[in-house]
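Undergrad: Fold the following for me, if possible:
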Amino acid sequence: MEALHGRQAEQARLAEFVGSVGRGGGALVLRGEAGIGKSALLEAAAYEARGQGLTVLTAHGIPAETRLPFGALHQLLWPLLRDGNLPARPRETLKAALGQSSVVVPDLYGISFAALDLLVEAAGSNPLLVVAEDAHWFDRPSADVLGFVARRLAGEPIGVLAAVRDGLTDPFTEAGLPELCLGPLPAAASQLLLEQQASDLPLRIRARILQTARGNPLALLELPAAVRQSDETENSLHSPLPTSARLERAFAARLPDIPPATRAVLLVLAADGHCRLPELLAAAVRVGGAPIGIEAIEPAVTAGLVTADGSTVRFRHPLVASAVYQNAALSDRIATHAALAAVLATEPNRAVWHRATAAMGPDPQITADLLTFADRAVARGALSVAVDALERAATLAATDTDRAVLLLRAAELACNLPDRKTKTAALLDSTRLLDLDVRDQARRALLEELAGLRPADDPAFTRTLIDHALAAQRAGESDLSRNLLWAAALRCWMHGSTSRLRSWFASVVEDLDPRMEDGNTALVLACLQPIERGRAVLRRAARIREQSPFDPVQMSHAIAIEGLLGEYPAVVAAMAATASHIRDQGRAMMLARFLSVWAGADIWVGQWDRALDHSQECERLATAIDEPVWRLMALGHRIAIAAHRSQNDQAEALGKEILTDRHLTPYLRAVAHRALGINALTAGRPQEAFDRLARLFDPADPVYHYCIEPFTVAELADAARAAGRLEEARTILDRLEPLTAHTTAAAFHISVNHARAQLAPDREAETAFTTALATPGLANWPYHRARLHLSYGQYLRRSRRISESRPHLRLALDLLHPLGAVHWADQARNELRATGDPSPGHAPGLSALTPQELRIARLAAQGHTNRAIGQHLHMSHRTVGAHLYKIFPKLGISARSQLRKALDETLAAPPPVS
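TA: Alright, predicted model coming up:
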């Protein structure tokens, strides 16, 4: 690696990074001001990597390409996409994103995984270094993909080096990647570099340059030339300007001596840095009005403003382009963009932006073309680019009505962006002074809610949403009305609205659709009054399954209804296909919500490994798209899983995290308290458990929530039995039992029947347990079935019916052990010992596996390939193989075929890959 003045430490760090790529990879972000030497260090690192035999993929950010969907990703990955030996699925996904294929319609999440998969496959034959120069000027979709990939390289022979400028927006800051911040050169190195460039200048001038440059290498190289050219520049060294502004001024000072034809070429290049030489000259001819040949570039090369290599002409530094563009007259800029639009007529994606930039007033045709461009960008998964196009189209719209439609469409797309709040708020603010009709007023209110721009605890806005829904219905906007009603219902559910508001709202919805012809009506009612209207809405969900099994919208309604009311086996059965459809649509927000519902259902049906997988994916996705509430939902599921498994310290730590989060809602508070109550129970603290859980049944308590209360009574009963507080629990059960007549929801009936048996006096216990064990569908709920058999076995042993208790206790242990329900399994084991029956051992090697290793082992035992497991767990198939290499000796086996037996999974099937 060639030595750079004053950068020995930085070069050593980069050399170390490049040398580590083959051993496990990672990412490093170079950050610093313009001209500080980022590009020189990247070039040196790439040279070193090639010398070590690494494959180097490069991309260079260009301001003119920030609005071209996946332009930077195209630079990086196109060499790999041409390799027919790499996997077809990620290649097709990426080709669709790059506009080269329409086989699939990708979303940003899928594109990111495809990019990671492609890079991992390519690195399998040779380690890779990805070099991203001026990454702050990558188009946003490309930057998001690269940031996603950079966070997931542990264990892979892939390195990512990205250079970004201080003070400009980039996605790498939020990614939390390691950084190498480049400061000024040391004084000695600055002086040496200046001596090499300006030994002819007087000492006082060199001293001024040193003071002005402040250790910036580009300034040390360029300011001497500027001083030689102009006394005025020498005087300006005293002016209080940032280094980048001084450099722009220095570059601009060279322009008057450049021939007009050369200046025309430079302005075209500044307006579109992606131009190839023929396009560059053709546009310059249109601007200058006279023939311009290739010789016009030479003066710019001689002046040190550009470099020319074959048909590629580039500015020596982005500040040169900025200086050229900013110093041109407005009329010349407009003429240049118009010329580029004409020259690039066969490339509509590029031409439309130049036409839009050249437009001086409303232009319906350009507006229509930008709308078409936005539609194409959406089809390729580049939502942020589509938002920019719609926003620009709005400025060129002929009427306020058209302008409002475009801005609201942009805001709708912006709701799915990582920075959705900021962008959506800005777009909606642009509509404030427009005269919106009833439909657009309703759309704006809905988007305010979807983007989280309204206070969560404001019941007045809930009523506003309902009023807009009614107005939209009267205006014939049925779909909009449905969306508003659902948004208002979700608000009631998440924020625990009063019974009075929910009852009024439910009556309004019922008046609109008394027969629940629309599945959305049933969903809203399920959200508002899950128990009171449970029987009717579950009947509607069943009809949807019978009549519309292939309608994804209607099926999503059925799944959500069943999830809210506690028909969790049905939810689990339908989730894989539904989640896959949502992924294909690229609806990240909806995917996060469905993953949360899926995880919650998996917890209830005893699929805790899969629940943890979905919770973690939901948490990652919700974090990436700035959905804090759904991130906390995932966290709530993780607390419950940890509590059920007696991972008590972890549950307490996660509970503290969720309860102190500023985005906590009443529903989430109740979820957390329920999980922490269960955690106290499995930690052997029944008094604390009862106190925590009892609060969930008191409407006056801040932790109360109408949706949590019905499904917690079984846990309350277990805590009451252990704490000796049966009468208190019976009082609560007496209030809830009559509600069973209103719903057929299995979770509620199982919970109530369990509580009735656990709390029954001894003379009634036999009948109560028999009834509870006969609850329809109980076999689909292994955890609850196991606890019920355990409680029955304990009752029988207390009643000195020892031989009758053993089958129940054995079955409980056989069900609880594979789940990892340590507390309850230990109780079953201890009860069995007390009957004189030693408890059987269960896969002693399992305790040596980490949670991730256990998930991988179970998936492999089910017969899935390493690649399928990797796609499910978001890691490469090589990483899966490395884990299995560690798993086999821990379990005392030597072959994959022995996994199923070793895991003792005969009673608890491993989770399927989704």
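
Undergrad: Figure out how far stretch 199-216 is from the centre of its chain.
TA: 49 Å (C-alpha atoms, centre = their mean, to the nearest Å).

Undergrad: Likewise for stretch 149-161?
TA: That offset, for stretch 149-161, works out to 18 Å (C-alpha atoms, centre = their mean).

Undergrad: So which bits of that stretch are buried?
TA: 149-153, 155-161 (16 or more other C-beta atoms under 10 Å). Every residue, glycine included, has its C-beta placed from N, CA and C.

Undergrad: Stretch 421-434 now?
TA: The neighbour-count check on stretch 421-434 (16+ other C-beta under 10 Å) flags 423-425, 427-428, 430-431, 434 as buried.

Undergrad: and residue 308, that's in a strand?
TA: Yes: the assignment for residue 308 (DSSP: H, G, I helix; E, B strand; the rest coil) places it in a strand.

Undergrad: Quick check: it touching residue 297?
TA: Yes: look at residue 308 against residue 297 with C-beta atoms under 8 Å: they come within range, at 5.7 Å.

Undergrad: Could you pull up phi and psi at the residue sitting furthest away from the middle of the chain?
TA: Residue farthest from the centre of the chain, counting by C-alpha atoms, centre = their mean, is residue 202 at 57.3 Å. Main-chain dihedrals, residue 202, degrees, to the nearest 10: phi -60, psi 150.

Undergrad: ok so, going back, show me which of residue 308 and residue 297 is the more surrounded one.
TA: More neighbours surround residue 297 than the other of residue 308 and residue 297, with 23 against 14 (other C-beta atoms under 10 Å).

Undergrad: residue contacts, the more buried one?
TA: 262, 265, 306, 308, 313 (C-beta atoms under 8 Å, 6 or more residues apart in numbering).

Undergrad: Could you check how far it is from residue 306?
TA: 7 Å (C-beta to C-beta, to the nearest Å).

Undergrad: How about the contacts made by residue 182?
TA: Contacts of residue 182 by C-beta under 8 Å, 6+ apart are 10, 30-32, 36-38, 41.

Undergrad: change it to 6 Å
TA: By C-beta atoms under 6 Å, 6 or more residues apart in numbering, residue 182 lies in contact with 32, 36.

Undergrad: Just give the number of residues close to the closest residue to residue 455 other than its chain neighbours.
TA: Setting aside the residues directly before and after it, residue 455 is nearest to residue 461 in space (C-beta to C-beta, 6 or more residues apart in numbering), at 7.2 Å. Residue 461 has 18 neighbours, counted by other C-beta under 10 Å.

Undergrad: tell me which element residue 461 falls in.
TA: In this assignment (DSSP states H and E), residue 461 forms part of helix 459-474.

Undergrad: What are the buried residues along that helix?
TA: Quick answer for helix 459-474 (16+ other C-beta under 10 Å): 461-462, 464-466, 468-473.

Undergrad: ok, these vs residue 393, which is closest?
TA: Distance to residue 393, by C-beta to C-beta, is smallest for residue 472 among the buried residues of helix 459-474, at 24.5 Å.

Undergrad: hang on, isn't the closest one packed against residue 483?
TA: No: judged on C-beta atoms under 6 Å, residue 472 makes no contact with residue 483 at a distance of 8.8 Å.

Undergrad: Kindly indicate which of the buried residues of stretch 149-161 lies nearest residue 746.
TA: Using C-beta to C-beta, the buried residues of stretch 149-161 come closest to residue 746 at residue 152, 38.6 Å.

Undergrad: Now do the helices in the stretch 301-450 of the chain.
TA: 318-326, 330-343, 348-358, 364-379, 383-395, 400-414, 420-429, 438-450 (DSSP state H, counting those that start in this stretch).

Undergrad: Could you list the domains of the protein?
TA: 8-181, 187-253, 257-427, 437-491+501-511, 846-903 (automatic domain parsing).

Undergrad: Format those domains as CSV; extra columns: distance to residue 563 and mean pLDDT.
TA: Converted to CSV, the domains of the chain look like this (distance: least, C-beta to C-beta, whole Å; pLDDT from 0 to 100):
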stretch, distance to residue 563, mean pLDDT
domain 8-181, 22, 88
domain 187-253, 54, 74
domain 257-427, 22, 91
domain 437-491+501-511, 13, 93
domain 846-903, 21, 80
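
Undergrad: closest to residue 711 out of the ones you listed?
TA: Closest among those, using C-beta to C-beta: domain 437-491+501-511, at 17.6 Å.

Undergrad: before we move on, the earlier item: show me which of the buried residues of stretch 421-434 is closest to residue 491.
TA: Nearest to residue 491 among the buried residues of stretch 421-434: residue 424, at 17.0 Å, using C-beta to C-beta.

Undergrad: Next, the contact list for the closest residue to that closest one other than its chain neighbours, please.
TA: Closest residue to residue 424 apart from its sequence neighbours, by C-beta to C-beta, 6+ apart: residue 451 at 3.9 Å. Contact analysis of residue 451 by C-beta under 6 Å, 6+ apart lists 415, 420-421, 424.

Undergrad: follow-up on the earlier one: among the helices of the stretch 301-450 of the chain, which is the most enclosed?
TA: Highest mean neighbour count of those: helix 383-395, a mean of 25 (counted as mean count of other C-beta atoms under 10 Å).

Undergrad: which residues are in contact with that helix?
TA: Taking C-beta under 6 Å, 6+ apart as the rule, helix 383-395 contacts 67, 69, 140, 356, 367, 370-371, 373-374, 377-378, 403, 406-407, 409-410, 413-414, 416-417.

Undergrad: repeat for stretch 496-506
TA: Counting by C-beta under 6 Å, 6+ apart, 492, 525, 528-529, 666, 705 sit against stretch 496-506.

Undergrad: same check, this time on stretch 642-658
TA: 632, 635, 638-639, 672, 675-676, 678-679, 682-683, 820-823.

Undergrad: how close does the residue nearest to residue 424 get to residue 428?
TA: 8 Å.

Undergrad: between the buried residues of helix 459-474, which is closest to residue 349?
TA: residue 472 (35.0 Å).

Undergrad: ok, back up a step: least confident of the contacts of stretch 642-658?
TA: Among the contacts of stretch 642-658, residue 820 carries the weakest pLDDT, at 87.

Undergrad: what are the phi and psi angles of that one?
TA: phi 80, psi 20.
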